[in-house]
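Peer 1: How does the following fold in three dimensions:
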Amino acid sequence: MSWRRLPFLLPAGLALLLGVDAGLRLLGAPALPLSQRLPVVHGPLLVLGFVGTLVALERAVALRRPAGYAAPALLGVGGLLLVAPLPLRAGQSLLTAGAAALAMVYVALWRRQRDDAVLIQALGAVLATGGALLWLGSVPVPRLLPWLAGFVVLTIAGERLELARLQILSSGSAAALVLTAAAVTVSAVASLLWPTAGFPLLGASLLILVGWLAVHDVARRTVRARGLPRFIAVCLLAGYAWLAVAGGTWLLAGPVLDGPAYDAAVHGVFLGFTLSMIMAHAPVILPAVLRVRLPYRASMYAPALLLQASLVVRALVGDAWGVEVARRAGGIGNAAAVLLFLGVMVWSASSRREPGPRRPTSGTPDTAPPPQVPASHGTLTVGAAR
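Peer 2: Numbering: from 1, shown residues only. Here you go, the predicted structure:
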């Protein structure tokens, strides 16, 4: 294990656990009596403190320069300061600085390799920086969610473009994704300035992006493979479906800032989409970043399936039909899926027993996880589905 990188990962793990506790508290479910600010900082803590730190750490590894580690350090510590007995602005300021540092890492990667995938991810980092800065300026979190959603979505979209290029992909197809990423960026800004037009535009942009992924992503083929490639593909395709739910909600409902439609859109992006991506690629990211063995095991399906089932109960029964008990039960199931996922990852990494011999899966690049993080690859899905 690369012990030097572990301290950068620990704050992300703590932010995830704190975010789960905050989510339970918001549902009125039993939760630990931690910081009273948790429900207030729930969204930025998870998106910037957890996901942002993971993204920045992988990018720092890809950059291979000590200065790159400033981004995960600032985001990780900033996330924890949000719940510390200090002024809220202390954590907000570090998160803003960390997001800006991540954007600068992408500038360095762009200078190394002028690639469309890096450009798309850099747009996501710009949205993260803008969202953190606006939150520091007291803009309410519900108004900033399109910015935070854009950060996560564009980060992952850039990686999927990189992997699609391993297949036969025309320059026009890549350009179409770049234009769609630009539309997501513009619509996120418009959602703050002109919400009535901006939110539907964001929803339409996300649906177009999902359409691109549905056509070009290698997951459509690797879902018929076995082992890790199939697990990754199942999680990817489920995540795209939830992103479509969020996009459709914003397209049809417009600027929803609370209520069932808000809950469905937010958790479609940040649980259904983002967490599915993290579950899919943890067996590849963690070995690349921490240099720890994390063999694929069929038990990894358990938290992934629990996440999908609980989200269906929460969004399609609780939110869509106004069944409060279903919304609460689904939310508790979401939290259980996260905790089960962490448990399976720890068990898989610590177990000495090797899984049984694997049969050949396919002739695609999805069968061989890379030994290190390529500089041109994305963050949450580094070297994924290879």
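Peer 1: Which secondary structure element is home to the most centrally placed residue in the chain?
Peer 2: Centroid-nearest residue in the chain, with C-alpha atoms, centre = their mean: T274, separated by 3.5 Å. Taking DSSP states H and E as the criterion, T274 maps to helix 274-290.
Peer 1: That helix: what's the following helix or strand?
Peer 2: Going down the chain from helix 274-290, the next helix or strand is helix 301-311, by DSSP H and E.
Peer 1: Name the surrounding residues that touch that following helix.
Peer 2: Residues from elsewhere that reach helix 301-311 (C-beta atoms under 8 Å, 6 or more residues apart in numbering): 231, 234-235, 238, 242, 267-268, 271-272, 275-276, 279-280, 329-334, 336-338, 340-341, 344. C-beta coordinates here come from the backbone N, C-alpha and C atoms, glycine included.
Peer 1: Please list only the buried members of those.
Peer 2: Among the contacts of helix 301-311, those classed as buried by 16 or more other C-beta atoms under 10 Å are 231, 234-235, 238, 242, 267-268, 271-272, 275-276, 279-280, 329-334, 337-338, 340-341, 344.
Peer 1: before we move on, the earlier item: relative orientation of the helix holding T274 and helix 301-311 in degrees?
Peer 2: Put simply, helix 274-290 runs at 150 degrees to helix 301-311, going by axes from the mean of the first three to the mean of the last three C-alpha atoms, to 10 degrees.
Peer 1: Now helix 274-290 - C-alpha only, PDB.
Peer 2: C-alpha atoms of helix 274-290 as PDB (Å, rounded to 0.1, in the frame of the first residue of the first chain):
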ATOM      1  CA  THR A 274     -22.400   9.300  -8.900                       C
ATOM      2  CA  LEU A 275     -22.400   6.500  -6.300                       C
ATOM      3  CA  SER A 276     -23.000   3.900  -9.100                       C
ATOM      4  CA  MET A 277     -19.900   5.200 -10.800                       C
ATOM      5  CA  ILE A 278     -17.900   5.000  -7.600                       C
ATOM      6  CA  MET A 279     -19.000   1.500  -6.900                       C
ATOM      7  CA  ALA A 280     -18.200   0.500 -10.400                       C
ATOM      8  CA  HIS A 281     -14.700   1.700 -10.400                       C
ATOM      9  CA  ALA A 282     -13.500   1.300  -6.800                       C
ATOM     10  CA  PRO A 283     -11.900  -2.100  -7.700                       C
ATOM     11  CA  VAL A 284      -9.700  -0.200 -10.300                       C
ATOM     12  CA  ILE A 285      -9.200   3.200  -8.700                       C
ATOM     13  CA  LEU A 286      -8.100   2.100  -5.300                       C
ATOM     14  CA  PRO A 287      -5.400  -0.300  -6.500                       C
ATOM     15  CA  ALA A 288      -4.100   2.400  -8.900                       C
ATOM     16  CA  VAL A 289      -4.000   5.100  -6.300                       C
ATOM     17  CA  LEU A 290      -3.200   3.300  -3.100                       C
END
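Peer 1: now that helix: mean pLDDT?
Peer 2: Averaged across helix 274-290, pLDDT comes to 87.
Peer 1: next one: that helix to chain centre, how far?
Peer 2: Taking C-alpha atoms, centre = their mean, to the nearest Å, one finds helix 274-290 lying 10 Å from the centre of the chain it belongs to.
Peer 1: and what of stretch 267-280?
Peer 2: With C-alpha atoms, centre = their mean, you get 6 Å for stretch 267-280.
Peer 1: which outside residues touch it?
Peer 2: Residues outside stretch 267-280 that contact it (C-beta under 8 Å, 6+ apart) are 43, 46-47, 51, 54, 148-149, 152-153, 156, 231-232, 234-236, 238-243, 245-246, 249, 300, 303-304, 307-308, 311, 314-315, 334, 337-338, 341, 380-381, 384-385.
Peer 1: how about 7 Å then?
Peer 2: Here stretch 267-280 makes contact (C-beta atoms under 7 Å, 6 or more residues apart in numbering) with 46-47, 51, 149, 152, 156, 232, 235-236, 238-239, 242-243, 245-246, 249, 303-304, 307, 311, 314-315, 334, 341, 380-381, 384.
Peer 1: can you give me the end-to-end distance of it?
Peer 2: Counting by C-alpha to C-alpha, to the nearest Å, you get 18 Å between the two ends of stretch 267-280.
Peer 1: how near is Q36 to A181?
Peer 2: Here Q36 is placed at a distance of 38 Å from A181 (C-beta to C-beta, to the nearest Å).
Peer 1: do L339 as well
Peer 2: Counting by C-beta to C-beta - L339 and A181 are separated by 33 Å.
Peer 1: Looking at these two, which one has more neighbours?
Peer 2: A181 (26 against 14; other C-beta atoms under 10 Å).
Peer 1: surely that one meets L154?
Peer 2: Yes. With contact defined as C-beta atoms under 7 Å, A181 counts as touching L154 (5.3 Å).
Peer 1: shared neighbours of the two, which are they?
Peer 2: What both A181 and L154 touch, as defined by C-beta under 7 Å, 6+ apart, is the set 120, 123.
Peer 1: Next, Y296: phi, psi?
Peer 2: Dihedral pair for Y296: phi -70, psi 140, per degrees, to the nearest 10.
Peer 1: so where's the protein shaky on pLDDT?
Peer 2: 1-2, 164-171, 352-386 (pLDDT under 70).
Peer 1: residue ranges for the strands of it, please.
Peer 2: Using DSSP state E, the chain contains no strands.
Peer 1: residues touching P39, list them.
Peer 2: Applying C-beta under 7 Å, 6+ apart, the residues near P39 are 22, 25-26.
Peer 1: Just give me the closest of those residues to A101.
Peer 2: Distance to A101 across the contacts of P39 (C-beta to C-beta) is lowest for A22, with 25.3 Å.
Peer 1: OK, contacts around the closest one?
Peer 2: 38-39, 42.
Peer 1: Swap in 8 Å and give it another go.
Peer 2: Residues near A22 by C-beta under 8 Å, 6+ apart: 31, 38-39, 41-42, 45.
Peer 1: I'd like the distance between it and L133.
Peer 2: 22 Å.
Peer 1: try R65
Peer 2: Distance from R65 to L133, by C-beta to C-beta: 25 Å.
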